[in-house]
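Participant: with the sequence up front, the predicted model follows.
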Amino acid sequence: MIKIEALVKYFGALKAVDGLAFEVNPGDVLGFLGPNGAGKSTTMKMLTGYLHPDSGYINVAGVDVVQEPALAQQHIGYLPEGAPAYGDMTVEAFLRFIGEARGMSAIACESAIKRVSEQVELHSVLARPIDNLSKGFRRRVGLAQALLHDPQVLILDEPTDGLDPNQKRHVRELIAGLAQDKVVIISTHILEEVMAVCNRVLLIAQGRCRFEGSPAELEALSPHHQAVSLHLPDRDIAADQAQLKTLPDVADVVCEQAQWLTVLPRAGAFVYPQVDQWLREQQITPQSVRVESGRLDEVFTTLTRPAADDVTGDDGQNGGGSGVGEGSDQPDIDQKGIDKKGIDKKGASV
Ligand SMILES: Nc1ncnc2c1ncn2[C@@H]1O[C@H](COP(=O)(O)OP(=O)(O)OP(=O)(O)O)[C@@H](O)[C@H]1O
């Protein structure tokens, strides 16, 4: 449905998008992730035909976007960041205006407004000015305009940014429903969003792909994937830490808060049985035991850290230098190793 090959975009000397290639197929909800300045919006603008690439190929629903942007746009619904709309118009007038601007006949427009009002539950506010609506409803109006021409591809830029937890949940439920018969791309830097609604992740930094795979595979790159945390009040934590470090599949044992130990497994290992056996042998009953699925924020930081050989001349917002392994008590990770695994092995554990 969407195919991008060797996509490149320069702004002056800055290579904002650097050889991106990916495909999105029906049924996919792709989370397009990256730090500020990574090149997400630039890629979305090229994908939607609003920005010309310097080189590369983009095909949406069988249409070459560079050659025929207007035709490609008929297959694409786009919710820009912040969901801009004309606030003094009523919802219905705004949707009619958008329909007419897209060349729909009056009859087609009325039936499309009826359809999208049902899809995103806008009935109750159709006659109200957009400025008077809550943020959640305004976001739904944005979704409705993106859906008006019933596109096969839906591109959503930060769709739940600024919404309260209830509104977020509702918009995510709507997106999950829409994804049943559309390809959806969500551009975001909200990690929980990716876990909540996406079945695939493309993580970029400095215009390049740093990871492609499922959210679970991304999580599995975390040193905390399958880590076991134990709450051991009234114990000699330093002594327990030293003993736990000797278990065969343990990479490290860290004390992240008082009387808690976190046992980090070696790459790919499931360390819980060994920890459980050690607890039995020592006749220790911990007050609490947790097994973690992984910490996306630490993976995000590590994968988006600029590589040593990167001199891109960007605005300095691409990734950061702080995070895992930098003076923290977490195990250090070889940057090139995690990048290579992230890209080449699509989710192999670090
Ligand atoms: N029109 C432009 N002229 C010059 N530089 C630009 C232009 N648009 C984007 N850039 C630069 O290109 C790089 C990528 O920007 P882009 O907006 O695509 O990043 P992003 O991942 O969408 O970031 P954010 O999450 O902050 O929206 C940044 O360094 C940005 O400053």
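Facilitator: The structure has been received and is ready for your questions.
Participant: pull the distance from stretch 208-216 to the chain's centre.
Facilitator: How far stretch 208-216 lies from its chain's middle: 9 Å, per C-alpha atoms, centre = their mean, to the nearest Å.
Participant: where do the strands sit along the stretch 251-350 of the chain?
Facilitator: 260-265, 288-291 (DSSP state E, counting those that start in this stretch).
Participant: partners of the shortest one in the sheet?
Facilitator: Neighbouring strands of strand 288-291 in its sheet, by DSSP bridges, are strand 228-231 (antiparallel).
Participant: hmm, back to that, turn the strands of the stretch 251-350 of the chain into JSON lines, including distance to the ligand and mean neighbour count.
Facilitator: The C-beta positions use only the backbone N, C-alpha and C, and glycine is treated the same way. Below are the strands of the stretch 251-350 of the chain laid out as JSON lines (distance: least, C-beta to the nearest ligand atom, whole Å; neighbours: other C-beta atoms under 10 Å):
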{"stretch": "strand 260-265", "distance to the ligand": "31", "mean neighbour count": "22"}
{"stretch": "strand 288-291", "distance to the ligand": "32", "mean neighbour count": "13"}
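Participant: not counting sequence-adjacent ones, nearest residue to L71?
Facilitator: Distances taken as C-beta to C-beta, 6 or more residues apart in numbering put V63 closest to L71, at 5.1 Å, once the chain neighbours are dropped.
Participant: which residues touch the one you found?
Facilitator: Contact analysis of V63 by C-beta atoms under 8 Å, 6 or more residues apart in numbering lists L71, A72, H75.
Participant: most surrounded residue in those residues?
Facilitator: Neighbour counts for the contacts of V63, by other C-beta atoms under 10 Å, peak at A72, which reaches 22 neighbours.
Participant: that one contacts Y78, doesn't it?
Facilitator: No - if you go by C-beta atoms under 8 Å, A72 and Y78 don't touch, sitting 11.3 Å apart.
Participant: can you list residues touching both of those two?
Facilitator: In contact with both A72 and Y78: T48, using C-beta under 8 Å, 6+ apart.
Participant: what's I58 sitting at in phi/psi?
Facilitator: Here is the backbone geometry of I58 (degrees, to the nearest 10): phi -130, psi 120.
Participant: show me what counts as buried in the helix or strand A239 falls within.
Facilitator: Per DSSP states H and E, A239 falls inside helix 237-244. Buried residues in helix 237-244, counted by 16 or more other C-beta atoms under 10 Å: I237, D240, Q241, L244.
Participant: so can I have a markdown table of the residues you listed showing distance to R290 and pLDDT?
Facilitator: Rendered in a markdown table, the data for those read as follows (distance: C-beta to C-beta, whole Å; pLDDT from 0 to 100):
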| residue | distance to R290 | pLDDT |
| --- | --- | --- |
| I237 | 16 | 95 |
| D240 | 16 | 96 |
| Q241 | 17 | 97 |
| L244 | 15 | 97 |
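Participant: now the stretch 1-150 of the chain, which segments are flagged as low pLDDT?
Facilitator: The model of the stretch 1-150 of the chain has pLDDT under 70 over residues 82-84.
Participant: what about the helices in it?
Facilitator: Applying DSSP state H, counting those that start in this stretch to the stretch 1-150 of the chain gives helices spanning 40-47, 69-73, 91-101, 106-119, 135-147.
Participant: residues near the closest residue to A205 other than its chain neighbours, how many?
Facilitator: Leaving aside its sequence neighbours, A205 sits nearest to T304 (C-beta to C-beta, 6+ apart; 3.9 Å). A count of nearby residues for T304, using other C-beta under 10 Å, gives 23.
Participant: now T304: how far from the ligand?
Facilitator: Per C-beta to the nearest ligand atom, to the nearest Å, T304 is found 10 Å from the ligand.
Participant: hmm, that residue is touching F211, no?
Facilitator: No - using C-beta under 8 Å, T304 is not in contact with F211, being 9.4 Å away.
Participant: what sits in contact with each of those two?
Facilitator: L203.
Participant: got the buried residues for stretch 220-239?
Facilitator: By 16+ other C-beta under 10 Å, the buried positions in stretch 220-239 come out as 220-230, 232, 235, 237.
Participant: with secondary structure added, can I get those residues in CSV?
Facilitator: Formatted as CSV, these follow (DSSP: H, G, I helix; E, B strand; the rest coil):
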residue, secondary structure
A220, coil
L221, coil
S222, coil
P223, coil
H224, coil
H225, coil
Q226, coil
A227, coil
V228, strand
S229, strand
L230, strand
L232, coil
R235, coil
I237, helix
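Participant: quick one: which of those is nearest to V289?
Facilitator: Proximity of the buried residues of stretch 220-239 to V289 (C-beta to C-beta) peaks at L230, which lies at 5.8 Å.
Participant: residues contacting the closest one?
Facilitator: W260, L261, T262, V263, V275, L279, P286, S288, V289.
Participant: circling back to that earlier point, farthest pair in the buried residues of stretch 220-239?
Facilitator: Using C-beta to C-beta, the buried residues of stretch 220-239 span at most 31.3 Å, a distance reached by L221 and R235.
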